[in-house]
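Novice: quick one, what's the 3D model for this:
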Amino acid sequence: MQVEKDQVASLKKVKGKRDNDRVKAWLAALKDAAEKGKNHMPPLLDCVRCYTTEEEITSVLTEVFGTYTEPPLI
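Specialist: Presented below is the predicted three-dimensional model:
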């Protein structure tokens, strides 16, 4: 599918141009804030500003908080 190919190409382009050291640093700051129960919105916004992907951000938060599973209805 062409749309998928275009999106993958666009993502590779963004990842190739961004400062990956900044991405790693802000992801580490996000993880640290989440682990310590601090406000993790500022490092989250900094992650977004340096083109961190949604998958990279959610992976870090999943490491700290786990995955939510809805309890079964009675």
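Novice: contacts, neighbours, all on C-alpha from now
Specialist: OK.
Novice: could you check how far the residue nearest the centre of the chain is from residue 51?
Specialist: Central residue of the chain (C-alpha atoms, centre = their mean): residue 57, 1.2 Å from the mean position. Counting by C-alpha to C-alpha, to the nearest Å, the gap from residue 57 to residue 51 is 10 Å.
Novice: the residue nearest to the centre of the chain sits in which helix or strand?
Specialist: Applying DSSP states H and E as the criterion places residue 57 in helix 54-65.
Novice: can you show me the CA trace of that helix as CSV?
Specialist: Output of helix 54-65 as CSV, limited to C-alpha atoms (Å, rounded to 0.1, in the frame of the first residue of the first chain):
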residue,chain,number,x,y,z
GLU,A,54,4.9,8.1,20.0
GLU,A,55,6.1,4.5,20.1
GLU,A,56,9.4,5.5,21.8
ILE,A,57,7.5,7.6,24.4
THR,A,58,4.9,4.9,25.2
SER,A,59,7.6,2.3,25.5
VAL,A,60,9.3,4.3,28.2
LEU,A,61,6.1,4.9,30.1
THR,A,62,5.1,1.2,29.7
GLU,A,63,8.4,0.2,31.3
VAL,A,64,7.5,2.3,34.4
PHE,A,65,3.7,1.9,34.6
